[in-house]
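**Student:** Whatever this is, show me its structure:
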Amino acid sequence: MSPVGRVLFLQRTLPPEVSAAGSLALDLAHGFAAAGWEAGMAAAIGRPDLPPDASGGCVEIRRAGRAGFDRASVASRALALPAAFGGIFQAGLSFPKPDLVISLSDPPLGVVLGAAVAALWRARHLHWCQDLYPETAAAAGILGASSPAFRLLRGISRAAMRSCDAVVVPGRCMARGLLPLRTRVVANWARLPEIPPCPRPPGERFRILYSGNIGRAHEFGGVLGAARLLAGGPVEFVFCGRGPMAAGLVRAAAGLPNVSFHDPVDEGSLAAHLAACDAHLITLGTKFCGLVVPSKLYDSCLAGRPVLFAGPAESETALAIRGNSLGLAVPADDPRALAAAVGTLIADAAFRGACGENAREFAARNRAGRAFAQFLLLAEQICSADGISQKTS
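**Tutor:** The predicted structure follows:
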């Protein structure tokens with residue numbers, strides 16, 4: 001039986017390497033394959049023990065070049081980009097001609113790579129923008145927002161996006177920043193299986209869990225300020241993860257008796273790990289609103305715990321929390337507001353329980369199947385003669 005069509009994903013790192021975007025991309029590739037598409041994924045070689053060619057079930061994966069870099073080093077990441085671009089490009093051209101190319105934003109400016117591969121194959125191009133570059137690099141202080149390099153890279157990125165048949169973003173805040181480009185908002189999804197209700201043991205301190213990447217887009221000053229204000233109470237802040245800002249955060253939290261740090265847990269233990277808290281913490285720096293949308297919200301909600309968000313009110317995470325009554329959202333730089341939010345959760349068990357139930361229902365609504373259906377419909381429209389295949393201006 002002939003496939004519906006051929007789709008080719010371009011993404012720097014894929015499982016078993018740790019990458020939130022890579023895991024989501026692999027999920028979506030399986031969704032296309034289940035719908036009858038022939039799905040391939042072109043990636044760069046990160047870990048030397050990974051084979052150049054592999055099969056992720058019904059999805060073919062090909063790797064070339066090198067993608068290895070030190071995540072904590074800006075210079076290492078920058079130096080690794082040319083090899084990653086070259087490897088993904090080489091792997092992408094080794095596949096049969098695709099009907100649709102789906103590029104992601106890892107590597108940064110992946111939309112430019114996607115535009116080049118799609119043009120060579122004369123294929124349609126959908127860009128799935130998880131992080132907006134080079135704006136994210138400017139917000140992190142890696143590039144000057146008024147520098148010639150930033151203006152050049154931004155011009156190239158926007159030109160590549162205008163050439164796309166569609167740009168998909170995970171949040172409304174990001175869609176607003178990309179006007180007048182033709183964008184579609186498709187939320188990310190919960191990747192874990194169901195997490196059964198798991199009551200917290202009585203008598204333990206109220207545990208607030210931050211689980212995931214400790215990266216440059218995340219703001220922790222207000223969180224540490226709140227921890228200081230609550231240091232004498234029955235509250236603990238638990239951080240589980242790694243990232244370029246982890247070492248600095250550990251140093252900044254030195255001496256705080258209610259803050260602890262732990263290595264990430266393996267995937268098999270993640271469900272129990274997410275349930276072993278009273279509330280989940282998500283943070284986002286104000287400068288990154290509309291540039292980055294944290295994906296940890298969906299799996300965190302599976303545990304049936306309220307969510308505390310320290311970040312901009314206009315971000316997708318804050319909008320989702322307020323719109324679905326999942327917890328409380330406060331500014332990232334306001335420790336008193338965060339401490340007050342923690343106090344509300346501790347004092348009001350009924351409110352805490354209602355937020356937890358709402359969170360569980362929200363996660364159930366945002367499963368992969370819902371997003372797959374949106375992507376598949378969009379792909380069908382793009383690839384059809386009478387769909388939305390006309391290039392944006």
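**Student:** What is the burial count for residue 258?
**Tutor:** 19 (other C-beta atoms under 10 Å). For glycine as for every other residue, the C-beta is placed from the backbone atoms N, C-alpha and C.
**Student:** Touching the strand or helix carrying residue 120 from outside, list them.
**Tutor:** Counting by DSSP states H and E, the element that carries residue 120 is helix 110-121. With contact meaning C-beta atoms under 8 Å, 6 or more residues apart in numbering, helix 110-121 is reached by 8, 10-12, 42, 85, 88-89, 92-93, 97-98, 101-105, 107, 123-125, 127, 129, 156-157, 160-161, 163-164, 167.
**Student:** Looking at the closest residue to residue 288 other than its chain neighbours now. What's its pLDDT?
**Tutor:** Spatial nearest neighbour of residue 288, chain neighbours left out: residue 217 (4.3 Å); criterion: C-beta to C-beta, 6 or more residues apart in numbering. pLDDT, residue 217: 93.
**Student:** List the contacts of residue 217.
**Tutor:** 136, 139, 140, 284, 285, 288, 291, 292, 294 are the contacts of residue 217 under C-beta under 8 Å, 6+ apart.
**Student:** Could I get the phi/psi values of it?
**Tutor:** Main-chain dihedrals, residue 217, degrees, to the nearest 10: phi -80, psi -10.
**Student:** do residue 301 as well
**Tutor:** phi -70, psi -30.
**Student:** Check the spacing between it and residue 138 real quick.
**Tutor:** According to C-beta to C-beta, to the nearest Å, residue 301 and residue 138 sit 31 Å apart.
**Student:** again, but for residue 202
**Tutor:** Residue 202 is 48 Å from residue 138, by C-beta to C-beta.
**Student:** Between the two, which has more neighbouring residues?
**Tutor:** In this view residue 202 and residue 138 are compared by other C-beta under 10 Å, and residue 138 has more residues nearby, 20 against 5.
**Student:** my guess is the more buried one contacts residue 144, does it?
**Tutor:** Yes: here residue 138 reaches residue 144: they are 7.0 Å apart, a contact under C-beta atoms under 8 Å.
**Student:** Please enumerate the shared neighbours of those two.
**Tutor:** residue 150.
**Student:** Residue 179 belongs to a strand?
**Tutor:** No: with DSSP: H, G, I helix; E, B strand; the rest coil as the criterion, residue 179 is located in coil rather than a strand.
**Student:** Could you tell me how many residues sit around it?
**Tutor:** Residue 179, neighbours per other C-beta under 10 Å, totals 8.
**Student:** For the residue lying closest to residue 9 once chain neighbours are set aside, name its beta-bridge partners.
**Tutor:** Spatial nearest neighbour of residue 9, chain neighbours left out: residue 41 (4.4 Å); criterion: C-beta to C-beta, 6+ apart. Partner residues in beta bridges with residue 41, using DSSP bridges, are residue 9, residue 61.
**Student:** dump the residue contacts of residue 41.
**Tutor:** 8-11, 14, 25-26, 29, 56, 59-62.
**Student:** who's in contact with residue 278?
**Tutor:** Applying C-beta under 8 Å, 6+ apart, the residues contacting residue 278 are 200, 206, 207, 208, 305, 345, 352.
**Student:** Closest one to residue 338 out of those residues, please.
**Tutor:** residue 208 (9.5 Å; C-beta to C-beta).
**Student:** returning to that earlier point: I'd like the mean pLDDT over the helix holding residue 120, please.
**Tutor:** 96.
**Student:** So which other helices or strands are in contact with the helix or strand following that helix?
**Tutor:** Beyond helix 110-121 in the direction of the C-terminus, DSSP H and E gives the next helix or strand as strand 124-128. If contacts are counted by 3 or more C-beta pairs under 8 Å, 6 or more residues apart in numbering; DSSP states H and E, strand 124-128 sits against strand 100-104, helix 110-121, strand 166-169, helix 368-383.
**Student:** where does this structure dip in pLDDT?
**Tutor:** The model of the chain has pLDDT under 70 over residues 1-2, 51, 54-57, 66-79, 385-393.
**Student:** Got the domain ranges for it?
**Tutor:** Using automatic domain parsing, the domain ranges for the chain come out as 6-189+367-383, 206-365.
**Student:** wait, which of those domains is closest to residue 196?
**Tutor:** domain 206-365 (8.1 Å).
**Student:** What lies in contact with the host helix or strand of residue 328?
**Tutor:** Assigned by DSSP H and E, residue 328 belongs to strand 327-330. Outside of strand 327-330, the residues within contact range by C-beta under 8 Å, 6+ apart are 222, 279-280, 306-311, 313, 317-318, 321-322, 337-338, 340-341, 344-345, 355, 359.
**Student:** can you map out the strands along the stretch 1-150 of the chain?
**Tutor:** 6-10, 38-44, 53-56, 59-64, 100-104, 124-128 (DSSP state E, counting those that start in this stretch).
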